[in-house]
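> I would like the atomic coordinates for the input below:
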Amino acid sequence: MEKNYKEKIKKLLALAQSPNEHEARAALLKARELMAEHKLSEAEIKDVEKQKVKDFIIDGLTCSKRLDPWIIPLSAAIAENYCCSSYRNHKYGKQMQYIGIIGLEDDAEICEAVIRYAVDCVRAHNKETRKEYGSYSYYVRNICDSYGYGFAVGVDDMYKQQQKDNEDGWGLVMIMPQEVKEASGRLGHQPFQARTEDTINGSAYTRGFYDGKKFDPTRRIQEA
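So this is what the prediction gives:
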């Protein structure tokens, strides 16, 4: 069994530094595949080491209804597909939201790395959008947020297809463990809706969706 699979995944994400959508999607898919292969190896050797459920806030990753609200659905989509659960937390009376993860120790560590990588990809794209328009008006912010929401849905769709393609292989090992479900069951579900969700820019959302869904799973990964 690969003992350093977590480092291998982190190096994979670090290598795919370009915000190019093909590299990003290939890295996201390959990271999940490596995690699944590791879980299968654990099952084959009957690894009895019991991992604890970990619950923590991702350091430095924040958003609000006015600032990168798409981070919430994006982190939720990734966490669900990495056997974890994500949540948001905030101080009473404050708008700033903090993203948390609940999952088994190894799963949560990888989930955090993937969330950070995906957020960086969207932010890199949005940075170029702001340069293109030369400002950060409400209109430009709406385009950036719409792209982020579309990207989140596209990534979720991509993972669902990957799961379907591997149902007879490692698909079953990527299901959220019961202890994680129980630990996340205590979380509340207060509504969170940013203004952008009522004024989605269709073209930006669509571009984000396809950037999140389309990929070449052999390109950058083979080089890496």
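> could you list the low-confidence segments of the protein?
Filtered on pLDDT under 70, the chain yields the residue ranges 1-3, 15-22, 40-50, 170-172, 188-191, 214-224.
> can you tell me the centre-most residue of it?
The centre of the chain sits closest to Ile78, judged by Cα atoms, centre = their mean, with a distance of 3.3 Å.
> that one and Leu28, how far apart?
Noted for Ile78: a distance of 8 Å to Leu28, by Cβ to Cβ, to the nearest Å. Every residue, glycine included, has its C-beta placed from N, CA and C.
> can you check which residues contact both of these two?
Here Ile78 and Leu28 share the contacting residues Val114, Ala118, Val155, scored by Cβ atoms under 8 Å, 6 or more residues apart in numbering.
> give the contact list for the last one.
By Cβ under 8 Å, 6+ apart, the contact set of Val155 is Leu28, Leu74, Ala77, Ile78, Ala118, Gly212, Lys213.
> compare those residues and tell me which has the most neighbours.
The member of the contacts of Val155 that has the most neighbours, counting by other Cβ atoms under 10 Å, is Gly212 with 30 neighbours.
> how far away is that one from Glu128?
Counting by Cβ to Cβ - Gly212 and Glu128 are separated by 16 Å.
> what does Lys11 give?
To Glu128, Lys11 is 26 Å away according to Cβ to Cβ.
> list the buried residues for stretch 130-150?
For stretch 130-150, a neighbour-count test (16 or more other Cβ atoms under 10 Å) marks Val140, Arg141, Asn142, Ile143, Cys144, Asp145, Ser146, Tyr147, Gly148, Tyr149, Gly150 as buried.
> likewise for stretch 112-132?
Residues of stretch 112-132 classed as buried: 112-119, 121-122, 125-126, 129 (neighbour count, 16+ other Cβ under 10 Å).
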